[in-house]
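# Requesting a structural model of the entry that follows:
(chains A and B)
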Number of protein chains: 2
Amino acid sequence: MSATPVIEGIVETVLYTDDLPRAVTFYRDVLGLPPIAGDGVRFRALKVSGRQVLLLFRRGATSEPMAVPSGGTIPPHDGSGPHHLGFAITHDAYEPWLARLRAAGVAIESEAKWDRGGRSLYFRDPDGHMLELLTPGLWPNY
Amino acid sequence: MSATPVIEGIVETVLYTDDLPRAVTFYRDVLGLPPIAGDGVRFRALKVSGRQVLLLFRRGATSEPMAVPSGGTIPPHDGSGPHHLGFAITHDAYEPWLARLRAAGVAIESEAKWDRGGRSLYFRDPDGHMLELLTPGLWPNY
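Okay, the predicted model is just below:
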């Protein structure tokens, strides 16, 4: 008998984009996420932190199955937005992030405060995806 | 001068669903992710591991701005799929996960092997979102 298998975390979080180079530039230069893999045509993988990656897929480029050289197939997927995802930042980094986004010409769409003490900063990527920078004190586990 | 602010990780990964109770049941009972917050109507937050959450939003329920009781507003967002995300599992958990998914009646859509030694297991959630369980040895940082 095997022990109940467990999920260790989310490795791959995905967004679809209509302009892959534009999206890569935004996430690399504004949010500071380094590209670590990808062909630049179908997709680009950006390192987020530790072992997490943000996968940016060109919309429509993954709607057919794709063979993997080492064996097997990636099933089709695709999506339209405006999707949402949230990045962790420290409390001390909240004001510096506000300043950095403003300096980069990124409109701050909203800010919010949470019962547990956390704060959220909301803005859009070039595809209109709704991004959040959030400090600890929002969820029971964050 | 502040130091360059950094992203500490992805906290919130999002999927939209046409049937929130059905989606919660799948992620809780098949993937073992415990619900930790949410109203069950607009959204449910599931703990993934450590400080990560998977947010399941009822499609269409977040397409208007929403006031936060403690202050501020959550901007609108929404999305359609079949979206994709990938969960970390250990090498030792690969075969137990195969067995668990099959026992739960979940069709295995594909398996893949990667140059770095990792393996991926692909299947669908009840909304058709394309899920992946992946072992280390896929990305440069995983």
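
# switch to C-alpha atoms for all contacts and neighbour counts from now on
Fine.

# what helix or strand is the residue nearest the centre of chain A on?
What sits nearest the mean C-alpha location of chain A, by C-alpha atoms, centre = their mean, is A:Leu54, with 4.7 Å. Secondary-structure assignment from DSSP states H and E places A:Leu54 in strand A:52-58.

# one step back: might one say that the residue nearest to the centre of chain A is in contact with A:Glu12?
Yes - between A:Leu54 and A:Glu12 there is a contact at 6.0 Å, judged by C-alpha atoms under 8 Å.

# that older thread, anything in the strand holding A:Leu54 near chain B?
Yes - using C-alpha under 8 Å from any C-alpha of the partner chain, a contact is recorded between strand A:52-58 and chain B, made by A:Gln52.

# Mind giving me the packing neighbours of that strand?
Here strand A:52-58 touches strand A:9-17, helix A:20-25, strand A:43-49, going by 3 or more C-alpha pairs under 8 Å, 6 or more residues apart in numbering or on different chains; DSSP states H and E.

# Return the mean pLDDT over the first one, rounded to an integer.
Okay, so that is strand A:9-17. Throughout strand A:9-17, pLDDT has a mean value of 98.

# With the last one instead?
Rounded to a whole number, the mean pLDDT of strand A:43-49 is 96.

# how about that strand as CSV, C-alpha atoms only?
These are the backbone C-alpha positions of strand A:43-49, laid out as CSV (Å, rounded to 0.1, in the frame of the first residue of the first chain):
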residue,chain,number,x,y,z
PHE,A,43,5.9,30.2,-25.1
ARG,A,44,8.4,31.6,-22.6
ALA,A,45,9.0,30.4,-19.0
LEU,A,46,10.0,32.9,-16.4
LYS,A,47,11.5,32.1,-13.1
VAL,A,48,9.4,33.5,-10.3
SER,A,49,11.1,32.4,-7.1
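
# can you confirm A:Leu121 is in a strand?
Yes - A:Leu121 sits within a strand when classified using DSSP: H, G, I helix; E, B strand; the rest coil.

# Against B:Val68, how distant is it?
A:Leu121 sits 13 Å away from B:Val68, taking C-alpha to C-alpha, to the nearest Å as the criterion.

# Between these two, which contacts overlap?
Counting by C-alpha atoms under 8 Å, 6 or more residues apart in numbering or on different chains, the contacts common to A:Leu121 and B:Val68 are A:Ala112.

# more neighbours, those two?
More neighbours sit around A:Leu121 than around the other of A:Leu121 and B:Val68, counting by other C-alpha atoms under 10 Å in any protein chain shown; the figures are 24 against 14.

# wait, what's in contact with that one?
Residues in contact with A:Leu121, defined by C-alpha under 8 Å, 6+ apart, are A:Leu98, A:Ile108, A:Glu109, A:Ser110, A:Glu111, A:Ala112, A:Glu132, A:Leu133, A:Leu134.

# Please pick the buried ones from the residues you listed.
A residue is treated as buried here by neighbour count (16 or more other C-alpha atoms under 10 Å in any protein chain shown); on that basis the buried members of the contacts of A:Leu121 are A:Leu98, A:Glu111, A:Ala112, A:Glu132, A:Leu133, A:Leu134.

# For the contacts of A:Leu121, please prepare JSON lines with the additional fields distance to chain B, pLDDT and secondary structure.
JSON lines is the format used below for the contacts of A:Leu121 (distance: C-alpha to the nearest C-alpha, whole Å; pLDDT from 0 to 100; DSSP: H, G, I helix; E, B strand; the rest coil):
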{"residue": "A:Leu98", "distance to chain B": "10", "pLDDT": "97", "secondary structure": "helix"}
{"residue": "A:Ile108", "distance to chain B": "11", "pLDDT": "97", "secondary structure": "strand"}
{"residue": "A:Glu109", "distance to chain B": "7", "pLDDT": "97", "secondary structure": "strand"}
{"residue": "A:Ser110", "distance to chain B": "6", "pLDDT": "96", "secondary structure": "strand"}
{"residue": "A:Glu111", "distance to chain B": "6", "pLDDT": "97", "secondary structure": "strand"}
{"residue": "A:Ala112", "distance to chain B": "4", "pLDDT": "97", "secondary structure": "strand"}
{"residue": "A:Glu132", "distance to chain B": "9", "pLDDT": "98", "secondary structure": "strand"}
{"residue": "A:Leu133", "distance to chain B": "8", "pLDDT": "98", "secondary structure": "strand"}
{"residue": "A:Leu134", "distance to chain B": "8", "pLDDT": "98", "secondary structure": "strand"}
